[in-house]
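> Sequence first, predicted model second:
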Amino acid sequence: MKSFILASGSPRRKELLQQARYTFSIQTSDIDEIVEPHLTPSEVVCELARQKAEAVAKTNQDAVVLGSDTIVVCNDQILGKPKDQNEAREMLQRLSDRDHSVLTGVAISEKGETITFFEETVVHFYPLTSEEIEQYLQTGEPFDKAGSYGIQGFGAYLVQSISGDYNNVVGLPLAKTMRELQAFHIYPTIQ
Ligand SMILES: Cc1cn([C@H]2C[C@H](O)[C@@H](COP(=O)(O)OP(=O)(O)OP(=O)(O)O)O2)c(=O)[nH]c1=O
């Protein structure tokens with residue numbers, strides 16, 4: 001059987017691939033996450049996913065390697081992971097009572113060839129009071145997440161509606177990824 005490697009330290013991506021019944025190992029990459037400034041948000045997530053996948057693929061020539069990157073885009077501004085509490089607070093204030101997009105890029109690399117794709121999910125937040133934002137900061141959830149929230153946790157309280165793939169918000173567009181993996185002969189274990 002071919003070896004399948006998830007090039008990610010994200011516990012969410014691991015859980016999603018497990019949920020889909022893949023057998024895989026994990027190797028994290030240590031890329032600097034630097035991209036050229038003229039790229040569009042969808043190009044940014046695809047490029048970062050490519051860098052993560054290729055960094056791990058380099059030392060695993062016979063494996064199929066999957067890398068991924070998630071960002072939030074609000075009013076044409078890219079929101080990544082907050083660097084501190086103030087930045088998390090600012091992001092949540094910005095997202096309050098509006099639509100934003102969650103973009104996840106995925107790269108699959110094998111034998112020096114890489115394909116990339118991305119998925120966009122539109123999320124609408126309830127209007128948030130400053131008390132609600134402070135309470136959410138107290139949960140600690142914002143700090144390792146793009147846009148400073150996790151829809152799969154207490155952050156569900158913030159979300160009024162979503163349009164698109166829920167799993168994409170959590171960190172991996174699972175349906176699209178499963179379909180693309182078929183081309184690499186990587187399949188879930190069904191029984
Ligand atoms: C919007 C949102 C993001 N996130 C997470 C998914 C990603 O883990 C994280 C965005 O950071 P990423 O840089 O995409 O990923 P990562 O650093 O966690 O892991 P790695 O680079 O090793 O693959 O935000 C949620 O868990 N829930 C959400 O609702």
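Cool, the structure landed.

> show me where this structure has strands.
3-6, 25-26, 63-74, 77-79, 99-110, 113-125, 159-163 (DSSP state E).

> Pipe those strands into JSON lines and attach mean pLDDT per row.
Converted to JSON lines, these look like this (pLDDT from 0 to 100):
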{"stretch": "strand 3-6", "mean pLDDT": "98"}
{"stretch": "strand 25-26", "mean pLDDT": "98"}
{"stretch": "strand 63-74", "mean pLDDT": "98"}
{"stretch": "strand 77-79", "mean pLDDT": "96"}
{"stretch": "strand 99-110", "mean pLDDT": "98"}
{"stretch": "strand 113-125", "mean pLDDT": "98"}
{"stretch": "strand 159-163", "mean pLDDT": "98"}
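
> give me every residue that touches the closest residue in space to His185 that isn't next to it in sequence.
The spatial neighbour of His185 that comes closest, neighbours along the chain excluded (Cβ to Cβ, 6 or more residues apart in numbering), is Lys2 at 6.4 Å. For the C-beta atoms, the positions are set from N, CA and C on the backbone; glycine is no exception. Contacts for Lys2 (Cβ atoms under 8 Å, 6 or more residues apart in numbering) come out as Asp62, Ala63, Val64, Phe184, His185, Ile186.

> Tell me which ones among those also neighbour the ligand, please.
Counting by Cβ under 6 Å from any ligand atom, nothing from the contacts of Lys2 sits close to the ligand.

> What subset of those residues is buried?
For the contacts of Lys2, a burial check counting by 16 or more other Cβ atoms under 10 Å picks out Ala63, Val64, Phe184, Ile186.

> interface residues of the protein facing the ligand?
Within reach of the ligand by Cβ under 6 Å from any ligand atom, the chain has these residues: 8-10, 12-13, 28, 52, 68-70, 72, 81, 102, 144-147, 149-152, 155, 169-171.

> Please name the residues that touch Thr189.
Here Thr189 is in contact with Arg21, Tyr22, Thr23 (criterion: Cβ under 8 Å, 6+ apart).

> thought Val122 was touching Asp165?
No. At 10.7 Å, Val122 does not count as touching Asp165 under the criterion of Cβ atoms under 8 Å.

> what about these two, which has more around it?
Asp165 (19 against 14; other Cβ atoms under 10 Å).
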